[in-house]
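Novice: I need the structure of the sequence given here:
(one chain, ligands or ions: 2)
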Amino acid sequence: MQRNIRYTIIIPVYNEEAVLHETYHRLTRVMKSLGEPYELLFVNDGSLDQTAKIIEGFSELDQCVQMLDFSRNFGHQIAITAGLDHARGDAIVIIDADLQDPPEVIPQMVEKWKEGYEVVFAKRSKRKGESLFKKWTAAIFYRTLRILSDVNIPIDTGDFRLIDRKVCNAMRSIRERNRFVRGLVSWVGFRQTAIEYVRDERFAGETKYPLKKMLRFSLDGITSFSYKPLKLASYLGLAVSLGSFIYLVISLGQKLFTNSTVAGWTSLIACSLLLNGVILILLGVLGEYVGRIYEETKNRPLYILRSKQHKVKHLRADEEKWYVQR
Ligand code: UDP
Ligand code: MG
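Specialist: Ligands and ions are numbered 1, 2, ... in the order given. Modelled structure (predicted):
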């Protein structure tokens, strides 16, 4: 059995040819300084540029480099999941490829891990070079999620964290589809601690999280950790019914005992538009959950690898089964 790798660094990459060389060199420098065996596990999330070629180039020269090659773009969170499925280290670090998460923080995480913490997450004390829009929406999102969810998901932390092998094994047993990895790490528990760091600017290239992906990501976060939005319908329904009943009594009173009934059209159209809007929004909320149930029932694999190429020479028999993941 081959279990001599101490650290696995999981790096999800999607069209990152502009940053890969720098990422590789900085990570290698930091990991070498720790003086223990490690692997850099790149997960190529269906990149359309030279990303896969560049990583293959690294792996020819450097035994520590591994690559999982997706058959198409499955998304950042799924890429991390694949990394966790294949990681062989005793401690596993998840890091972005664009150097916004500085690799130089890893030794600090390792120190905490050696003190006995099983999850060391990195909290952003500052975010450099990101738009006000991104900072604000992120701030609102994390705080809303905190209110809605029963799981204690730390505010202002990304996926940059170190987890122990035990935590990784626990994560492997979770096979839900629309994944919100940072929430799941909180959900599995264990001894957790935080260190603070300054989030740098992206080293080169553009963000791979356009607004649409960000929106989907935050909806995944909320729907997988809270069903409170569903209860909204009951509360609103109750409030509207109560209000309507009171108004009905008043209107009837006016009709029966006075001559001052209001002429209809404006009030009717206002009521009807407003209520229809509310109903459609609530249907949308319901749809978000139903859609996710539908995805779940199809039970497709979470991702498909183009080949086992780099893994095959290292796979243990019991790891073989993770090749295509349920
Ligand atoms: N990423 C990925 N698949 C995707 C989108 C992003 O693997 O579909 C990777 C990307 O290569 C990077 C990390 O996820 O390593 C974070 O993406 P990015 O830096 O673009 O997001 P941002 O920091 O702008 O939120
Ligand atoms: Mg980034």
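Novice: burial of the one residue in the stretch 101-250 of the chain that gets nearest to ligand 2, as a residue count?
Specialist: Closest residue of the stretch 101-250 of the chain to ligand 2, CB to the ion: R202 (5.0 Å). In this view, the C-beta of every residue, glycine as well, is placed from N, C-alpha and C. Using other CB atoms under 10 Å, the number of residues around R202 comes to 20.
Novice: swap in the one 4 residues further on?
Specialist: Residue neighbour count, defined by other CB under 10 Å, stands at 10 for E206.
Novice: ok, the closest residue to T144 other than its chain neighbours to Y197 distance?
Specialist: Among residues not flanking T144 along the chain, I222 sits closest, at 7.3 Å (CB to CB, 6 or more residues apart in numbering). With distances taken as CB to CB, to the nearest Å, I222 is found 26 Å from Y197.
Novice: Am I right that the residue of the stretch 101-250 of the chain closest to ligand 2 is in contact with D98?
Specialist: Yes. Using CB atoms under 8 Å, R202 makes contact with D98 at a distance of 4.5 Å.
Novice: Please identify every residue contacting each of the two.
Specialist: Applying CB atoms under 8 Å, 6 or more residues apart in numbering, one finds that R202 and D98 are jointly contacted by V19.
Novice: Identify each of the helices in the stretch 101-250 of the chain and give its residue range.
Specialist: Assigned by DSSP state H, counting those that start in this stretch, the stretch 101-250 of the chain shows helices spanning 106-114, 132-148, 165-172, 181-188, 211-225, 228-257.
Novice: Which strands and helices lie in contact with the last one?
Specialist: Right, helix 228-257. Other helices and strands packing on helix 228-257, by 3 or more CB pairs under 8 Å, 6 or more residues apart in numbering; DSSP states H and E, are helix 265-298.
Novice: Report the buried residues of the helix it packs on.
Specialist: L282, R292 (16 or more other CB atoms under 10 Å).
Novice: now stretch 52-61
Specialist: Buried, per 16+ other CB under 10 Å, within stretch 52-61: A52, I54, I55, E56, F58, S59.
Novice: and ligand 1, which of those reach it?
Specialist: Counting by CB under 6 Å from any ligand atom, nothing from the buried residues of stretch 52-61 sits close to ligand 1.
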